[in-house]
Structures are given as C-alpha cells and as structure tokens.
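Asks: the sequence isn't on hand, but the structure is:
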C-alpha cells in the first residue's frame, strides 16, 4: 500500500515524521453521504450526529460539518471542540453519564443543545442548577437483560453502567413532565460495531416498544428517537461491509410502522455513528525500527500501545500493509517500542519481509485510536494529517517535550 | 480514609480539584530505603534504578534522587526528564527495545549512560551511528520457555517481544567483543508484580547460569548484572507485602555464590523497580458525580478509564476508600464518566453508602497510572500533587482546553 488519496505515504512520512495519523477527507465524507442518503431514501426526518469521542480533531469535525453532519458530545470539552468546528447548539446532541454538577452547569450554559441524561438523578441535579425545568429532555434507557435477547449488546444489560433501567424510566419521564418539561425524546444505545442490518431493526423495534410503554400513560409524544450508534466496519479482509441501504430500509420500515401504531406521528430519527463514519478513513503510518529473529519473528515499529490502544485494550485486530515491498511473505508479530509485553499490535500476520526503515500502514485507524493515545513511556502522541485528491495538510501537530514541560509551569 | 501524610484529602480536592493524583514523598522515600538497606545488608555493590515509565513526574524523580536512587529510562524523553531532575549520565540505565536510529543517536549523544540493548541488530545500528564501538554494552536476555519453568514470567518466553533468545546471546556478545567493546553487563527481566521472595532468587540463579554459559568461552567478566524489576506490591487487603529483607538475602546469597563459582568477582548488582517504590505512595482522589440505583448500584466518579487505565486494560483491582463516611456499607460498582462500558473501575465492592459530592480515594495509584492516562472523551488529564508532613505542593498541573488547542497552533 503506497498511497492514501493519491498522496505518497513516503512523502507523508518524510514531511511529518512517524508514527502519523492520516485521514482521507473524501472517504469520511463518502461514508457520511452513503449513510445519509440511505436514511433519506426511507425516512426523511433523520439526523446523523457524528460521535466526537471517536475522533475529536477539529478539522475532522469541520469535514463532517461540511458534509452536512451534526455531532454528538459526551463532555464539556467535546462541546467546545464542536463549537470550534462551527457547530451551533441545535446541531449538538449531548450524551452524559454520571453527569457532574460542573458538566451540567456547562451544558445548560449552551443554547439549544439536545440534552440526553443517563439517570433521573442527573435530572434532579439539572433542575437544582437551572432552577426552572428545561424545555426539552430525553433519557437513555437500559433495556436490561431477558427483554428480547439482544445478544452482543455491550452497552446495555444489567451489568452495564449506562441508562435508566427500563422499569424505572416511566417514573423518570413522569417526574420530568411534572417538573414542567414540555418536549421529550428517548435514547437507547443498541451495541457496538455490528455488521448485521437485521440487528438494528430488532433494536429499533425494542426501543419503540419501550417508548410506547413509557409514553402511553403519560400523554407524551416523543419529538425524537435516538437509536444510538454501533454501526460496524469490517476490520478483517473476509468480513462483509454493513449493508447500510438494507439497514436503513429495515430501520425505517419498523420505525414508521411503530410510530403509526403508537400514535407518535413523525418524530426525528437520530443516529450517532462514530466508527462507521471515520474508522476506515483513518490510517496510522509507522516505520520499522528493528526486526528481531527471536523465538518468533518480531517486527518492531515506532507505533505501539500508547499510539493505538485498541489491540492491547480490547485484543482488537487491525490490518497492517507494507509500503512498496515485493519480498516474499512471512509470518510475523508486529510490536511497538514500549517497554511492556502488552505492546504487541498483531500476532502471526503475513507480511512481505520487512527491514529497518520500511514503512507500514495500519488500517481502520480513524476511530477510537488517536483519541485514546497516551504518552506512556514518555513517547509523544503523534501528529494528524488530512489528505484529499493528492493534497495533504497538518491538522494537529505532534506533541513534544516542550508540551510536557509546559505542564510544570504554574 | 481522610488524610494522606497528615494532609486532609478534602483540602486537596478543594484546592486542586478532582480527579487528582497525590504522592506521599515520605512513603516513596521509605520504600526506597527499605529495599536499599536490605540489599546493602547482604550485597554492598548494588544499585537501584527507579524505572521512570512507572511514574515520570520530575518532582517524583527528584524525590528518588534525594533518597539516593538512580533511574532507568526507556525513551529519549525519559532521559530528558531524568536530566531535568538532576540525574547524571552514570546514574541512568537505558533499556531499549526495537531501538530506532533516532533513539540510538540521542542516547549515544549522552555521556556515561549504561546502554542495554534488546537485540544484536540494535547493536549493529548503534555501531553504524557511532562509528566506533561503545566502551561498554549489555544485552537483555530472553531465557525462552522450558528453561526452568518460570511460571508467571510475562516479560520473557518465546511469545515475548523482549530480549535476545538465550541461544543467540553468545553470538551477540562475541560479535560485540570483536567490534571492540571492552566492558560488559547482562540484563534479564524476571517478571512483573511478584510477591514471592524465592521467585527472585530462582530467577537470579537462572540468569547467572545463562551469564556463565555466555561469558565462559568469551573471556568476559561482567561489570554488572541487571536482574530487572518485578518486585510486587499487594493490591488487595489480604495479600502479604513482599518480604524484601528475605528477598535481598536470598538474591545476594545465590548471586555471591554464583559469582564466586563462575569467577565473576564482584559485579554490580542492578535492580530496576518501579511499582515497588511508588505504587503504594500514590493515591487518586475523585469525587462522586452521581449514584444510580439501576439493575446494580453504580457509583459514578470523576475519574475513569482515561484517568486510570489499569482496570480496563488489565482487569486490575484497586482498593477504593470513602472519605469521612460512617454510613452502612453496601455492594457497589464504581464507574467513571466515560461513554464506554469498559469504564468500570471496580465491581461489587463494599463501601459505605455514597452520595453525589462525596470524595473517594483509589489506592496504589502511584505506578502505571498517571503515565498511562489519556484524554479520551476529551476529559483532561489530572493534576499531580506531592504531600509530606501536613504540607502539599502542585507538581504537575491539570491539562486544559488551551493545552489541547495549542496542538493546533503550527
């Protein structure tokens, strides 16, 4: 693999150094349009909120804004970043959890943000802070277990930290209504990195059933229904892509049908994808620092567990491609320079024989990679570059010793 | 738990905000002296090199320097930090792995640093860079598997990325000698977080056997033997402390005996502890942001997986203590504010009933905690404070939005 968006990878490595995160603007824009046009085809009143926690670079946020996307934020600084990228309050959806008083003070200082709370106790704090009830509120629902057998839901269930238990949600909305809230939404996150269209339709069905249960006795018609994210990307060569057209169709069908059945009218359908929009548009370029013929063959590169945490944190797999290399393939382990054995990025993968100085590219590094980087072993967090049509531009510079020393100046 | 080194935890939280890392200077100094005096008692010619990757705060490094410690570094910036703390080259031990040309150029620009290489190929790069052979070198040895059955060694073995395979080490030293190197050392890391004194003695025995095998035919007498770190601390109430006196005695006995037997004279015995010296001197103070009575009882705090990665990364356990709280105990899960279900710090632990605004302290947070922090969810990396004898001092300030914005100025 020699180019990204017609830009030579070697040119990028030479100009910006390695390790280096690179994002393909056209690819992330195309990801957005693919999902958006599928949704538009089947249910017009929809909004896509890119989840900032997947990638918080301001230029990335601007690219999504240019494409027409809105954003989802989970912390005050994510809201500030969204504002820096030009998003207005009504384009920001805030998902809290265990929201602190300070966080709530910050959020309520912003106009028009859609505030989604993770618990009724958060609403009580919000009321105390803002004195009067907010105009609009939504809660995240945890559907629990044994309520539909949603296999693979890692963000819900009785052991999950998220959401109001389904059984308590009615009370939460009732109290919110009694406090003076006029407009309502509802939120449920249905899982993470799923590639199966029917899965999402089932999740929407479940959410709508829950919404009906909650709202029917309260005379509430939801203004929006946020079905969360979880739209997957293939990390392996032999995995299929998520069929977004089919998914949109299935979601829209069940959504429209249930809205009609439950008398919800036409609420806004909100999605908050992160991975689906940016994962495959991101690349991590790294240089081979040394090759060890030990008990196994280890190829050491200048990216490691501090640069990209997913392999050590989740055991996640990322494909690795060699630059301009026609050597015979061999089985290798890829590791970083961190002084810790967790620092292994890939085990037993086939790559053309590599030597010191060679470049490799780690694929699908756009989501949950840079944002989780640390300066462990005092190795600096890398730079980020945007590429398009043979052009490239630095969009966040590499951290330096000076940045670290700056934290001692107070 | 209300105080650290006679400083009120509430005072610290009020003055510096939460989450907050706090280090007890006297405790870390005592940890150093306990280990050092045990070693001195049984084998005088020893050096303790605190491993910077466990905690890289310059004030922490200075505290260890004042106590008499030397340091171990794994990257160029760790060497710069050591220099900032006042360490001279001969007090720095460098452990590389998959050392890049740039790293080697930096290291060789420093005088008197003990350079320990992870592979012979690194030595070849070093020779190319410095033209003449270094005066002194050591290699890290990987003892492989089936060579003594070292259960629990996670930093060696055929799947480990570290060290020169035992069988190839002879060749590496021979070539280094032929290149003109005059003085030699040897290094082997024997595991991580072990609490069993006999384990270390066994490891030393194994390393000495390997050293003898390698050096006997080469007419090399090692100047130092670095047995690495891995000296454990109890993370649970019912775990015993490592008996360092017994450990030092066992290590020294086998070390002296083998040195005599193999004709090594009295080489310097080097240890590079991190966790043992600083883990229990570190505390993470955090504030309860919300309590959720869901399917389980979740106590949300303002520290999470980005603040302290060990629970999500390794499934590690850290004790949590409540501040000034005589409520009846209940079983709770402790989680952070991160929008991810991995963000659970402790499951099913007993704590007095907590409410929003209450303070909790996470124990044993001195090692491998701050250094692995990330700004995931755009939550700032916390401040660090040193405490002693009722006094306290900010030693690294909290990151801010401005720090993040600064990376866009280029």
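Replies: Yes, it's here. Treat the numbers as computed from the prediction; the structure is a model and nothing was measured. Numbers count the residues shown, from 1 in each chain, chains lettered A, B, ... in the order given.
Asks: would you map the helices across the stretch 1-150 of chain A?
Replies: A:9-16, A:25-42, A:58-67, A:76-84, A:101-108, A:120-130 (DSSP state H, counting those that start in this stretch).
Asks: ok, the stretch 251-400 of chain A next?
Replies: A:275-278, A:310-314.
Asks: name the helices or strands packed onto the shortest one?
Replies: For helix A:275-278, the helices and strands in contact under the criterion 3 or more Cβ pairs under 8 Å, 6 or more residues apart in numbering or on different chains; DSSP states H and E are helix A:25-42, strand A:46-51. Bear in mind the C-beta positions are built from the backbone N, C-alpha and C, glycine included.
Asks: so which of those is nearest residue A:75?
Replies: strand A:46-51 (11.8 Å; Cβ to Cβ).
Asks: what about residue A:322, how many neighbours?
Replies: 20 (other Cβ atoms under 10 Å in any protein chain shown).
Asks: that one bridge partners, please.
Replies: residue A:360 (DSSP bridges).
Asks: from residue B:101, how far out is it?
Replies: 19 Å (Cβ to Cβ, to the nearest Å).
Asks: packing partners of the helix or strand hosting residue A:184?
Replies: Using DSSP states H and E, residue A:184 maps to strand A:183-187. In terms of contacts (3+ Cβ pairs under 8 Å, 6+ apart), strand A:183-187 is packed against strand A:114-117, strand A:136-142, helix A:166-178, helix A:197-216, strand A:224-226.
Asks: now do the shortest one: distance to the chain's middle.
Replies: Read it as strand A:224-226. Relative to its parent chain, strand A:224-226 has a centroid offset of 18 Å by Cα atoms, centre = their mean, to the nearest Å.
Asks: give me the contacts around that strand.
Replies: Contacts to strand A:224-226, defined as Cβ atoms under 8 Å, 6 or more residues apart in numbering or on different chains, come from residues A:47, A:93, A:114, A:116, A:138, A:185-188, A:207-208, A:211, A:255, A:264, A:267-272.
Asks: 10 Å instead?
Replies: Contacting residues not belonging to strand A:224-226 are listed as A:45-47, A:49, A:72, A:93, A:95, A:114, A:116, A:136, A:138, A:140, A:183-189, A:204, A:207-208, A:211, A:255, A:258-259, A:264, A:267-272 [Cβ atoms under 10 Å, 6 or more residues apart in numbering or on different chains].
Asks: out of these, which are buried?
Replies: Using 16 or more other Cβ atoms under 10 Å in any protein chain shown as the burial test, the contacts of strand A:224-226 include A:46-47, A:49, A:72, A:93, A:95, A:114, A:116, A:136, A:138, A:140, A:184-189, A:204, A:207-208, A:211, A:255, A:258-259, A:264, A:267, A:269-272 as buried.
Asks: go through chain A and flag its longest strand.
Replies: When chain A is parsed with DSSP state E, its longest strand is strand A:282-293.
Asks: just the buried positions in it, please.
Replies: Applying 16+ other Cβ under 10 Å to strand A:282-293 flags A:282-292 as buried.
Asks: and chain B, is it touching that?
Replies: Yes - using Cβ under 10 Å from any Cβ of the partner chain, a contact is recorded between strand A:282-293 and chain B, made by A:287-293.
Asks: tell me which strands that strand pairs with, and in which orientation.
Replies: Here, using DSSP bridges, strand A:282-293 pairs with strand A:20-24 (antiparallel), strand A:297-301 (antiparallel), strand A:359-362 (antiparallel).
Asks: many thanks, we can stop here.
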